[in-house]
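In: just a sequence and a predicted model for now, questions to come.
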Amino acid sequence: GQQLNQSPQSMFIQEGEDVSMNCTSSSIFNTWLWYKQDPGEGPVLLIALYKAGELTSNGRLTAQFGITRKDSFLNISASIPSDVGIYFCAGQLGAGNQFYFGTGTSLTVIP
Amino acid sequence: NAGVTQTPKFRILKIGQSMTLQCTQDMNHNYMYWYRQDPGMGLKLIYYSVGAGITDKGEVPNGYNVSRSTTEDFPLRLELAAPSQTSVYFCASSYPGGRSYGYTFGSGTRLTVV
């Protein structure tokens, strides 16, 4: 299967700080998705990206589809306690709707 | 709408036992998936289905079976449970095509094999 590497693996930040995380692959993807998973729940879609260079926001979250199409980035501004969770990237190689998931970035926000 | 519903939420199995993880969706999605999530790992695709009567293997299908007799239901069967199958299992569904084809996930089934 495809290997998607997310970094950092975990983050501990103070409330109000900005957060940056990324996802890289050795393969070229045509779609990138970012999900958030709360404890004990399934992942929930945050942002979807469909073309290289695309920059999309969802409230305090901003994600970018890398120019090389082998990476994607997620930024969270002014973090709050409810941002706690695991953030997953997912990439799709092509038509067929099968996505490969990264290993996740665990975010802890300290009040 | 309920979205994707998984049952049970938790289960403990003894080695060699069998069980079926249930998944149903009410969004009329064609595509359905089963993933497993191990600690510190990403989601690994077990099986998927593009419609009723059609199933296909994902990355890690060994030890599992699926069926898709209706659009709504996609049960996952473990025939001879092994400790390596201890994991959290997620069912997901999606509607193919267009720009809204992210997955909708269920809340998961936490399975422990002892």
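Out: On my side now, so go ahead.
In: ok, now which ones touch B:Thr70?
Out: Residues near B:Thr70 by Cβ atoms under 8 Å, 6 or more residues apart in numbering or on different chains: B:Ala52. The way it works is simple: take the backbone N, C-alpha and C, and place the C-beta from them, glycine included.
In: what pLDDT does the residue in chain B that chain A sits nearest to get?
Out: Nearest residue of chain B to chain A: B:Phe105, at 3.2 Å (Cβ to the nearest Cβ). B:Phe105 carries a pLDDT value of 92.
In: ok, B:Arg99 next?
Out: 50.
In: I'd guessed B:Tyr89 sits against B:Tyr33; true?
Out: No: here B:Tyr89 lies out of contact with B:Tyr33, judged by Cβ atoms under 8 Å, at a distance of 10.8 Å.
In: in the chain, which spans are strands?
Out: In the absence of a named chain, chain A is used. All strands of chain A, identified by DSSP state E, fall at A:4-7, A:10-14, A:19-25, A:31-37, A:44-49, A:55-58, A:61-65, A:71-76, A:85-92, A:99-101, A:105-110.
In: could you do chain B instead?
Out: Using DSSP E, the strands assigned to chain B run over residues B:4-7, B:10-13, B:19-25, B:31-37, B:43-51, B:54-57, B:64-66, B:76-78, B:87-94, B:104-105, B:109-113.
In: out of these, the one nearest A:Pro81 is which?
Out: Closest to A:Pro81 of the strands of chain B is strand B:104-105 (Cβ to Cβ; 22.9 Å).
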